[in-house]
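Colleague: dropping the sequence and predicted coords here.
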Amino acid sequence: MSESSISINNPARDQLKAGDPILVFNVFESLRPSIIKIVKQAGYDMLMIETEHVLHDEYNLTNFIISARDNGLSPLITVPATDRILVSRLLDAGALGINLCHAETVEQVDDLVRWMKYPPIGERALFMGANVDYRDTDAELYCREANQATMLVLKIESRLGVENAEQLMANEWVDGVVFGPGDLAASMGFHGGWQHPEVLAAMESMIEIALARGIAVEPAEFPSDRHEFERQKERGIQIFGPTRQTEYQLLRGAAERALDAYR
């Protein structure tokens, strides 16, 4: 198949399926072209765009998603629900994946597959606009490729999610697993204690399940140096980057470091 005949692809998912790691940048409020350009230039592969804790103008969000794809970044949207309208519109706006926060039940995963995948796998309604770069594309080819290209990621961040992790990851369409250590710690009775041994052990248990199933997963604790990064990669970890930080936390850190010489 020639490159020109491909109607949709997901570079980050392709990397994961090839066994390679990806670097993910988390965006909360800053839906600006500058963010996309800088993140791409810095070497990231995926933009994780938050919609659980912030409100976005739909027009700007669509523009941001399209621009991310145009610049070779895979846009993954973090959503708080498996609502059909929410999921369908984000994918039709060009998102290349959905990240379900507070993933806890098999029913949630089944619902996501139903709304994310075209028949015969799911029940996603056909529309071809931003999701196909506004091209005149063969519908059958597009649906087949979109079903493979669109990522389903679970963000597990509760005691119930940990208890059901095996069943959640049993669905063949789950591509990745990330964690919400803050909410997980609170759910386990350790508010603010995401590095508590029991919280770390819970994440480690889910990592083992993901690795056994060939599902991409992030580490319980991110590497602090290149040696640790290589060790985690060798273990099979594939998802890296500041997925648990906001862009304003990163800005604050950089701004404070810029003043080190004056203090």
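Modeller: All right, it came through fine. Keep in mind the model is a prediction, meaning the values are calculated, not measured.
Colleague: and residue 63, how far from residue 130?
Modeller: In this structure, residue 63 and residue 130 are separated by 9 Å, where distance is defined by C-beta to C-beta, to the nearest Å. Yep, even glycine has a C-beta here, placed from its N, CA and C like the rest.
Colleague: point out where this protein drops to low pLDDT.
Modeller: Low-confidence segments of the chain, defined by pLDDT under 70, span residues 1-6.
Colleague: swap the cut-off to 90 and go again
Modeller: Per-residue confidence of the chain (counting by pLDDT under 90) places the weak regions at 1-9, 136-137, 263.
Colleague: can you give me the helices for it?
Modeller: Counting by DSSP state H, the chain has these helices, from start to end: 11-17, 33-42, 58-70, 84-92, 106-116, 139-149, 159-163, 165-168, 181-187, 197-213, 226-235, 247-257.
Colleague: any chance of these in TSV, plus mean neighbour count and distance to residue 25?
Modeller: What follows is the helices of the chain, written out as TSV (neighbours: other C-beta atoms under 10 Å; distance: least, C-beta to C-beta, whole Å):
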stretch	mean neighbour count	distance to residue 25
helix 11-17	19	11
helix 33-42	15	5
helix 58-70	18	10
helix 84-92	18	18
helix 106-116	18	22
helix 139-149	17	20
helix 159-163	18	24
helix 165-168	18	25
helix 181-187	20	18
helix 197-213	17	21
helix 226-235	13	16
helix 247-257	12	8
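Colleague: out of the ones you listed, flag the one nearest residue 50.
Modeller: Each of these was checked against residue 50 via C-beta to C-beta, and the shortest separation belongs to helix 247-257, namely 9.6 Å.
Colleague: other SSEs contacting that closest one?
Modeller: In terms of contact count using 3 or more C-beta pairs under 8 Å, 6 or more residues apart in numbering; DSSP states H and E, helix 247-257 is assigned the packing partners strand 22-27.
Colleague: parallel or antiparallel, list what pairs with the strand it packs on.
Modeller: Taking DSSP bridges as the criterion, strand 22-27 pairs within the sheet with strand 46-50 (parallel), strand 239-240 (parallel).
Colleague: contact partners of the shortest one?
Modeller: The contact list for strand 239-240, computed with C-beta atoms under 8 Å, 6 or more residues apart in numbering, reads 16, 21-24, 176, 178, 216-219, 222-223, 229, 232.
Colleague: closest one of those residues to residue 113?
Modeller: residue 176 (14.2 Å).
Colleague: I'd say the closest one and residue 215 touch.
Modeller: Yes - the pair residue 176 and residue 215 passes the contact test of C-beta atoms under 8 Å, sitting 6.4 Å apart.
Colleague: who's more crowded, these two?
Modeller: When residue 176 is set against residue 215 and neighbours are counted by other C-beta atoms under 10 Å, the residue ahead is residue 176, at 26 against 23.
Colleague: excluding chain neighbours, what is closest to residue 204?
Modeller: residue 220 (5.5 Å; C-beta to C-beta, 6 or more residues apart in numbering).
Colleague: thought the one you found was touching residue 203?
Modeller: Yes - here residue 220 lies in contact with residue 203, judged by C-beta under 8 Å, at a distance of 3.8 Å.
Colleague: wait, what's in contact with residue 47?
Modeller: With contacts defined as C-beta under 8 Å, 6+ apart, residue 47 is in contact with 24-25, 27, 36, 39, 68, 73-76.
Colleague: cutoff 10 Å now
Modeller: Neighbour list for residue 47: 12, 24-27, 31, 35-36, 39-40, 64-65, 67-69, 71, 73-77, 95-96 [criterion: C-beta atoms under 10 Å, 6 or more residues apart in numbering].
Colleague: now the helices of the chain in JSON lines, with distance to residue 125?
Modeller: Formatted as JSON lines, the helices of the chain follow (distance: least, C-beta to C-beta, whole Å):
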{"stretch": "helix 11-17", "distance to residue 125": "22"}
{"stretch": "helix 33-42", "distance to residue 125": "28"}
{"stretch": "helix 58-70", "distance to residue 125": "18"}
{"stretch": "helix 84-92", "distance to residue 125": "6"}
{"stretch": "helix 106-116", "distance to residue 125": "9"}
{"stretch": "helix 139-149", "distance to residue 125": "11"}
{"stretch": "helix 159-163", "distance to residue 125": "29"}
{"stretch": "helix 165-168", "distance to residue 125": "25"}
{"stretch": "helix 181-187", "distance to residue 125": "32"}
{"stretch": "helix 197-213", "distance to residue 125": "30"}
{"stretch": "helix 226-235", "distance to residue 125": "39"}
{"stretch": "helix 247-257", "distance to residue 125": "33"}
